[in-house]
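Asks: the following comprises the amino acid sequence and a computationally predicted model.
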Amino acid sequence: MAQTTALQQSRKYNGLMDWITTVDHKKIGILYLFSGIFFLLLGGIEALLIRWQLVRPMNDFVSGETFNQLITMHGTTMIFLAAMPMLFGFMNAVVPLQIGARDVAFPFINSLGFWLFFFGGVMLNLSWFFGAAPNAGWTAYAPLSTQPEATGVDFYALGLQISGFGSLMAGINFLVTILNMRAPGMKLMRMPLFTWTTFVASALIVFAFPPLTVGLFMLMFERLFGAVYFDPAMGGNVIIWEHLFWIFGHPEVYILILPAFGIFSEIIPTFARKRLFGYTTMVFATMLIGFLGFMVWVHHMFTVGLGPVANSIFAVATMAIAVPTGVKIFNWLFTLWGGQIKFNVAMLYSVAFIPSFLVGGMTGVMLSVAPADYQYHDSYFVVAHFHYVIVGGVVYGLFAGLYYWFPLMFGKALSEKLGYWQFWLFFIGFHLTFFPQHFLGLFGMPRRVFTYLPNQGFETMNLLSTIGAFFMGVSTIILLVAVVKAFMSKHVVKPDHWGDGRTLEWTLPVPTPEYNFAQTPLVKGLDTFWLEKMAGNKRVSVAEPVSDIHMPNNSLIPFFMSLGLFIAGLGAIFQKDNMVIGWSLIAFGLLMTFVSMFLRSWIDDHGYYIPKSQVEADLKAIREKGEQ
Amino acid sequence: MKSFKKLLFGIVPMMMFALLLSGCGVEGLSALRPMGEGAEIQLRIILISLAIMLFVLVIVTVIYVYVLMKFRRKDDSIPKQVEGSSTLELIWTVVPIILLIILAVPTITTTVELAKAKEAKKEEEINVTANLYWWEFEYPNAGVVTGQELVIPTGKRVGINLTSKDVIHSFWVPALSGKTDTNPGLDNEMWLHANEPGTFYGKCAELCGPSHALMDFKVIALDQEDYDQWLEDMKAKQDENAETLTADNQNLTVGEAVYVESCLSCHGGGKVAPSLTNFGDREWLAGYLENNEEELKEWIRDPQEKKQGALMPGFSEGQISDEELDALVDFLYDQKID
């Protein structure tokens, strides 16, 4: 094979071009992570503006219209552009390593998925510069979202559509990767829990995103091209959107929380130095939660008037989800039981997650009681509930994962000292913000109100809530400082940075070579690295001799494919005002996308080989470094 | 674990204190102070579910605190690698199932009970129509239309039909009952019940536009007798207005004339804009402002200033002069039935 390598030189780029063209899952993971953090900051600023407006009754910091844009963008940004991409970041960075693969199944599609997400997110946020951001809530209920003057919703429909394609591709890619790319011996029931939860979440993406796609198409056609799906005057029905949105929306919650569960299921055994308690049950509980997640969407619609029979059935189905979730909580507790628990920042977030998420779970069961939900629904009680689940669950998981895998991804460690400050400020701020909101809801404060009247009992709790939000704001600034500090530091970490690594990603040298594993590992059981360590082996067994490694080429095509859709999307929005500019943009954008697709099909891209000699040289260098 | 203790002794009492300060919310508004059968039923099942959940919380907290205190890393030894325990796992699967069955039974019976709007309608029926950003209340049997203040009799379930003219809103009177959405093009129903005469605060609970937060209304519960009297008076006043306040009438006062010219076309039937038949009795203007002359004049001049997105046009001095406005305001405050 050595002679072909000369012919098939990899098309290498440097600097920015390398990042735009990369198909390396580790780099795409970093792109996802940093885009996610960027949008997290945007959504966070929006949250602070929201809380500042609500700091006292009848505040006039922003108008009702601006407030609605802020809440819509806060919700949409946090769910679609912050939480999901950051999770995709960890999935990309970690899952192929955990299963002993050299890349994902479809590196090209991986890159395409990222750029679609990125351009979708940019489009959504461009709305701020074109007059108005979407203002119908992240749920975009029709017919509020189909009012012609709410032009921001155009950006919502098209931006989410484009980024949704990206999510769908990521989901398919991970499903195939996990099924097909596992190293020898990595049986399904030996996969680390983060890989398992990624697998189930990917399956949920594949089934949950199509309803959203359909809904968004209907919304787009209604807004831009005169369709009347949701217009009762023309025989339409406004509830269709609610069903489509929540058939997607409820599984979406599990798409976010299951990978977070996976992160905790990695960190807790690592720092308790104990194998995950009830591994098999954990796997089946994950699947059950994923399955039941599709059976409960009507609990978001108890007050719509679907009748007592529908409400009762969906109430009981919702309660059922508490069972597998409870099993998980107890399994984590009993993983800790009898362990040797080390508290670092990653572990603090994981441990703090248990009571925080438990409160969210408790209010979840309370919300499932349909007649009680008539009171909670669309009140601040619901706001408190889902922030306990999404911040106390998903965001804690993201922060825990960031501290845990940062050394693996970047070869540097985040400061633990800053991390403690970050954690405690965030933890206190989080509870201070959202715990009082339970009471606000029960006292009669609806959600999504831009202001409230004095003397209705809402002042104290809102003030507390706003103070808490600023705690979280300060905490986030500290996190940024920690990240910058880590990058500035010259100290490079060792492999298996935590010393207690159990899974394959910790066997890799730092920085991880682009081909990940010089020799594909041979997996001997759950937590195979731990098993080898316990057996006294320094390295995991390998399943093949050193040989040439085949790698995919970088490509500019995904970037342009996505850019084309982005341009066409903007054209679709602009054609309402200016037919000529709008339709030219649509034509130009779609042409760019289709030409890119044609080029992808027409040009054979066989990738390239990293010669055996280089792999051997790398191995030698790494071993010498390790022995120093 | 010191910081954890600090937290436990710092944050929790602070929240308790805050809770103490605000009690259980404001009477007439808070769902924690039910004033009618619906809210009582709902509070009861809220407390049942809370009790079951607190039971779970206590168990988890005990294990959690014990584990975090007991199993902190002391040395470099490797703990025993436990795979799991079928017995334990069976326990924490079966016990929650039992708890949830205990919760599911009252959930279903209560859901059915709260859905008995048809029976209530045989006694008393009111149509609620939500609009951007105001509420229309129609008494179909009496032929009365009013807005912003819903008057109901006490001591019985009142059947309510709900719909919307524009976007989705949601009808919520926390102290009396949970909410029901008003969907354009679709009809919903529910029942309301108030134990005693009184005033209760209502809110729109579904995002409906920039002034969603200002779409408040009131429910006024009267004894059956007073209620019947009120309906009768309303009907009489409404009929009288329909007869006298017309463009052909030559004997209108200045205020009446301005009303007929500028207000009647929308406010007349109470269907396009809120009926003003009992405007002088209302405590609030536009759902949330104090109902006084100054606010009312400002409102008529520029409703957008007070309620962004309101559909009422503003009237400039060219349309209604200052003197005419004075007369109009006098006329409006005369619109009362008490």
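Replies: Arrived safely. Numbers count the residues shown, from 1 in each chain, chains lettered A, B, ... in the order given.
Asks: report the contact partners of residue 287.
Replies: In the absence of a named chain, this looks at chain A. A:Val200 (Cβ atoms under 8 Å, 6 or more residues apart in numbering or on different chains). C-betas here are computed from N, CA, C, even on glycine.
Asks: meant chain B, my bad for not saying
Replies: Contacts of B:Gly287 (Cβ under 8 Å, 6+ apart): B:Tyr133, B:Trp134, B:Gln148, B:Leu214, B:Met215, B:Asp216, B:Phe217, B:Lys307.
Asks: those residues: which two are farthest apart?
Replies: B:Phe217 and B:Lys307 (13.6 Å; Cβ to Cβ).
Asks: which residue is the nearest non-sequential neighbour of residue 222?
Replies: All of this refers to chain A. Excluding the flanking residues, the one nearest A:Glu222 by Cβ to Cβ, 6 or more residues apart in numbering or on different chains is A:Thr146, at 5.1 Å.
Asks: looking at chain B here, not the other one
Replies: In space, B:Leu222 is closest to B:Pro197, 5.6 Å off (Cβ to Cβ, 6+ apart).
Asks: surely B:Lys218 meets B:Tyr201?
Replies: Yes. Because the distance of 6.3 Å satisfies Cβ atoms under 8 Å, B:Lys218 is recorded as touching B:Tyr201.
Asks: what's around B:Lys297, how many residues?
Replies: 15 (other Cβ atoms under 10 Å in any protein chain shown).
Asks: apart from its neighbours in sequence, what residue is nearest it?
Replies: B:Leu325 (5.8 Å).
Asks: against chain A, how distant is B:Thr129?
Replies: According to Cβ to the nearest Cβ, to the nearest Å, B:Thr129 stands 13 Å off from chain A.
Asks: is that residue in a bridge, and if so with what?
Replies: B:Glu136, B:Thr163 (DSSP bridges).
Asks: what's around it, how many residues?
Replies: 21.
Asks: what's the pLDDT at residue 241?
Replies: Unless you meant another one, I'm taking chain A. Looking at A:Trp241, its pLDDT reads 97.
Asks: please refer instead to chain B.
Replies: 92.
Asks: how far away is the nearest residue to it once chain neighbours are set aside from B:Lys336?
Replies: Nearest non-adjacent residue to B:Asn241, counting by Cβ to Cβ, 6+ apart: B:Thr277, 6.4 Å away. Computed as Cβ to Cβ, to the nearest Å, the B:Thr277 to B:Lys336 distance reads 9 Å.
Asks: against which helices or strands is the helix or strand the residue nearest to B:Lys297 falls within packed?
Replies: Applying DSSP states H and E as the criterion places B:Leu325 in helix B:322-334. Helices and strands touching helix B:322-334, by 3 or more Cβ pairs under 8 Å, 6 or more residues apart in numbering or on different chains; DSSP states H and E, are helix B:254-258, helix B:293-301.
Asks: tilt between the last one and helix B:322-334?
Replies: It stands for helix B:293-301. Inter-element angle recorded for helix B:293-301 and helix B:322-334: 110 degrees (by axes from the mean of the first three to the mean of the last three Cα atoms, to 10 degrees).
Asks: just give me how far helix B:293-301 sits from the chain centre.
Replies: Per Cα atoms, centre = their mean, to the nearest Å, the displacement of helix B:293-301 from the mean C-alpha position of its chain is 25 Å.
Asks: now do the buried residues in that helix.
Replies: For helix B:293-301, burial by neighbour count (16 or more other Cβ atoms under 10 Å in any protein chain shown) applies to B:Leu296, B:Trp299, B:Ile300, B:Arg301.
Asks: of all those, which comes closest to chain A?
Replies: Comparing the buried residues of helix B:293-301 against chain A with Cβ to the nearest Cβ picks out B:Trp299 as the nearest, at 16.0 Å.
Asks: excluding its backbone neighbours, what's nearest A:Ile267?
Replies: In this structure, A:Ile267 finds its nearest non-sequential neighbour in A:Ser350, 4.6 Å apart by Cβ to Cβ, 6+ apart.
Asks: please apply the same query to A:Trp337.
Replies: Leaving aside its sequence neighbours, A:Trp337 sits nearest to B:Val67 (Cβ to Cβ, 6+ apart; 5.4 Å).
Asks: give the contact list for the spatially most central residue of chain A.
Replies: A centroid search over chain A (Cα atoms, centre = their mean) returns A:Met84, at 1.9 Å, as the residue closest to the centre. Residues in contact with A:Met84, defined by Cβ under 8 Å, 6+ apart, are A:Gly36, A:Phe117, A:Ser167, A:Ile255, A:Leu256.
Asks: which SSE is the second one in?
Replies: The secondary structure element spanning A:Phe117 is helix A:107-126 (assigned by DSSP H and E).
Asks: for that helix, C-alpha coordinates in PDB please.
Replies: Extracted in PDB, the C-alpha atoms of helix A:107-126 (Å, rounded to 0.1, in the frame of the first residue of the first chain):
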ATOM      1  CA  PRO A 107     -17.200  11.800   8.300                       C
ATOM      2  CA  PHE A 108     -18.500  13.900   5.400                       C
ATOM      3  CA  ILE A 109     -22.000  13.900   6.700                       C
ATOM      4  CA  ASN A 110     -20.700  14.700  10.100                       C
ATOM      5  CA  SER A 111     -19.200  17.900   8.800                       C
ATOM      6  CA  LEU A 112     -22.300  18.600   6.800                       C
ATOM      7  CA  GLY A 113     -24.400  18.200   9.900                       C
ATOM      8  CA  PHE A 114     -22.300  20.700  11.800                       C
ATOM      9  CA  TRP A 115     -22.400  23.300   9.100                       C
ATOM     10  CA  LEU A 116     -26.200  23.000   8.700                       C
ATOM     11  CA  PHE A 117     -26.600  23.500  12.400                       C
ATOM     12  CA  PHE A 118     -24.200  26.400  12.400                       C
ATOM     13  CA  PHE A 119     -25.900  28.300   9.500                       C
ATOM     14  CA  GLY A 120     -29.300  27.500  10.900                       C
ATOM     15  CA  GLY A 121     -28.300  29.100  14.200                       C
ATOM     16  CA  VAL A 122     -26.800  32.100  12.400                       C
ATOM     17  CA  MET A 123     -30.000  32.600  10.400                       C
ATOM     18  CA  LEU A 124     -32.100  32.500  13.500                       C
ATOM     19  CA  ASN A 125     -30.000  35.100  15.200                       C
ATOM     20  CA  LEU A 126     -29.800  37.300  12.000                       C
END
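Asks: helices or strands next to that helix in the packing?
Replies: Using 3+ Cβ pairs under 8 Å, 6+ apart: helix A:107-126 touches helix A:25-53, helix A:64-76, helix A:84-98, helix A:152-180, helix A:557-574.
Asks: in the third one, which of the residues would be classed as buried?
Replies: This means helix A:84-98. For helix A:84-98, by 16+ other Cβ under 10 Å, it's A:84-98.
Asks: tell me which of those is nearest to chain B?
Replies: A:Gln98 (19.2 Å).
Asks: ok, that closest one to A:Asp527 distance?
Replies: 11 Å.
Asks: shared neighbours of those two, anything?
Replies: A:Pro192, A:Thr503.
Asks: residues touching the one residue in the stretch 1-150 of chain B that gets nearest to chain A, list them.
Replies: Nearest to chain A in the stretch 1-150 of chain B, going by Cβ to the nearest Cβ, is B:Gly25, at a distance of 3.2 Å. Taking Cβ under 8 Å, 6+ apart, we find B:Gly25 in contact with A:Phe439, A:Leu442, A:Phe443, A:Gly444, A:Gly457, B:Ala31, B:Leu32, B:Arg33.
Asks: so what's the closest residue to chain B within the stretch 501-628 of chain A up against?
Replies: Minimum separation of the stretch 501-628 of chain A from chain B (Cβ to the nearest Cβ) falls at A:Met534, amounting to 7.3 Å. Counting by Cβ under 8 Å, 6+ apart, A:Met534 touches B:Ile78.
Asks: re earlier: for the contacts of A:Met84, pick the one with the most neighbours.
Replies: Highest count within the contacts of A:Met84 by other Cβ under 10 Å belongs to A:Phe117, 29 neighbours.
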